[in-house]
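>>> the amino acid sequence is not available; the structure is as follows:
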């Protein structure tokens, strides 16, 4: 009981520590935003200079036909030519005037196989359209930076975003563009992730994308709005939270946003390797950046409170490992029992409602032991990297 009380005291102390960090960092947010705006202006000036130089070795335009563009579809991709081919097939089949839209493929590699896919579709659409623009990006890398390269090269007033692993419905562009009635400046459609049977933990987690708001796999925005906001924040180097950051900035700027459930994109759930949840913990560091920029919105729409269960599990794990080398070896036994109980609870939560094959159960047991320390580690990385008190 004494050890449990001590653990509770440690939890309260830890909570107070992060609250203090958040309070001390709050007065630096304006300076951070000004610094970001300055970097964005410098980056835009640099890219304007690059465009003026017209370095064809950096940007290769693959045009399939002329026309006044109404919408530009930006597709960032990284070494997934088969998925890109499927996506471009769906985009080329849109029930939309082919001379009124263009498809911009941003190759965040770049890779020869990706170029070949873009060239194949350029040849197929040379007569009928739509226009294809291929941009090999040598850096900075990441989906946020790739999308910026895309919309900055667009010829249209409206920018549509999707991903290379999606299959837009044939009327996606038609329904998405219909939302722009003169008042609406941004919109997001509906994502469907077909799945039959009992899911794994990974599949169930991925399917949550269907209920997410303003996902870059299916959204539209006026180019002028993107210019005013500085586009995507390229500090989000992984495919994580960059769309939420743009969404929160749109809300803060009082931009009129519409939800268009008729604009549908299919997002098949890709197969994942055993233990995939471990590598995904690296993304958590960008939660710290999103929290630094949008504290209230983060707590309202992302996570209402900290993962105190993770911190408790890690503290118990440390206590279990350190106690035998102290004058209180029995405290290690107590910490071990609490660690086992909390880890078991976490594992059962993840298994509930999922497939119970031996392989999946074993995966949940192993990863449930490793996720809390990994998640805490990457949270600490985010705290240090982005200089913010975050739990």
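Right, received. Where do you want to start? Small disclaimer: the values here were computed from a predicted structure and weren't measured.
>>> only C-alpha atoms for contact and neighbour calcs from this point on.
Noted.
>>> output the below-cut-off pLDDT ranges for the protein.
Along the chain, segments meeting pLDDT under 70 span 1-67.
>>> quick one: the strands in the stretch 1-150 of the chain?
71-77, 101-107, 131-136 (DSSP state E, counting those that start in this stretch).
>>> want to throw those into JSON lines with mean neighbour count and distance to residue 252?
Output for those, formatted as JSON lines (neighbours: other Cα atoms under 10 Å; distance: least, Cα to Cα, whole Å):
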{"stretch": "strand 71-77", "mean neighbour count": "26", "distance to residue 252": "24"}
{"stretch": "strand 101-107", "mean neighbour count": "27", "distance to residue 252": "28"}
{"stretch": "strand 131-136", "mean neighbour count": "25", "distance to residue 252": "31"}
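>>> which one of those lies closest to residue 365?
Closest approach to residue 365 among the strands of the stretch 1-150 of the chain (Cα to Cα): strand 71-77, 33.7 Å.
>>> in its sheet, what does the closest one sit against?
strand 101-107 (parallel), strand 158-161 (parallel) (DSSP bridges).
>>> residue 221: helix or strand, and which one exactly?
Secondary-structure assignment from DSSP states H and E places residue 221 in strand 219-222.
>>> should've said residue 356
According to DSSP H and E, residue 356 maps onto no helix or strand at all.
>>> contacting residues around the strand holding residue 221?
Defining contact as Cα atoms under 8 Å, 6 or more residues apart in numbering, one finds that strand 219-222 is touched by 157-162, 176, 185-189.
>>> do stretch 144-152 as well
The contact list for stretch 144-152, computed with Cα under 8 Å, 6+ apart, reads 72, 74-76, 104-108, 135, 137, 139, 159, 161, 223, 231-234, 236-239, 242.
>>> stretch 341-350 now?
201, 309, 313, 364-365, 368-369.
>>> and this structure, what are its domains?
Each domain of the chain is listed here as a residue range: 2-27+302-386, 58-272, per automatic domain parsing.
>>> out of the ones you listed, deepest packed?
Each of the domains of the chain was scored by mean neighbour count; the highest is domain 58-272, a mean of 19, by mean count of other Cα atoms under 10 Å.
>>> in the stretch 201-350 of the chain, which spans are strands?
Per DSSP E, counting those that start in this stretch, the stretch 201-350 of the chain carries strands over the ranges 219-222, 257-266.
>>> the ones you listed: which one's closest to residue 96?
Of all the strands of the stretch 201-350 of the chain, strand 257-266 sits nearest to residue 96, with 13.1 Å by Cα to Cα.
>>> tell me what the closest one is packed against?
When contacts are defined as 3 or more Cα pairs under 8 Å, 6 or more residues apart in numbering; DSSP states H and E, strand 257-266 sits against strand 167-168, helix 172-178, strand 186-192.
>>> got CSV for those, with distance to residue 299 too?
CSV is the format used below for those (distance: least, Cα to Cα, whole Å):
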stretch, distance to residue 299
strand 167-168, 32
helix 172-178, 29
strand 186-192, 22
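>>> list just the one of those that sits closest to residue 373.
strand 186-192 (32.5 Å).
>>> surely residue 74 and residue 158 touch.
No - using Cα atoms under 8 Å as the test, residue 74 is too far from residue 158 to be in contact (10.7 Å).
>>> what's the residue nearest to residue 166 when sequence neighbours are not counted sitting at in phi/psi?
Of all residues not flanking residue 166 in the chain, residue 267 sits nearest, at 4.7 Å (Cα to Cα, 6 or more residues apart in numbering). Phi and psi for residue 267, reported as degrees, to the nearest 10, are phi -130, psi 80.
>>> so residue 267 sits right up against residue 169, yeah?
No - shown here, residue 267 and residue 169 do not form a contact pair, counting by Cα under 8 Å, at 10.6 Å.
>>> between the strands of the stretch 201-350 of the chain, which gets nearest to residue 85?
Residue 85 lies closest, by Cα to Cα, to one member of these: strand 257-266, at 14.8 Å.
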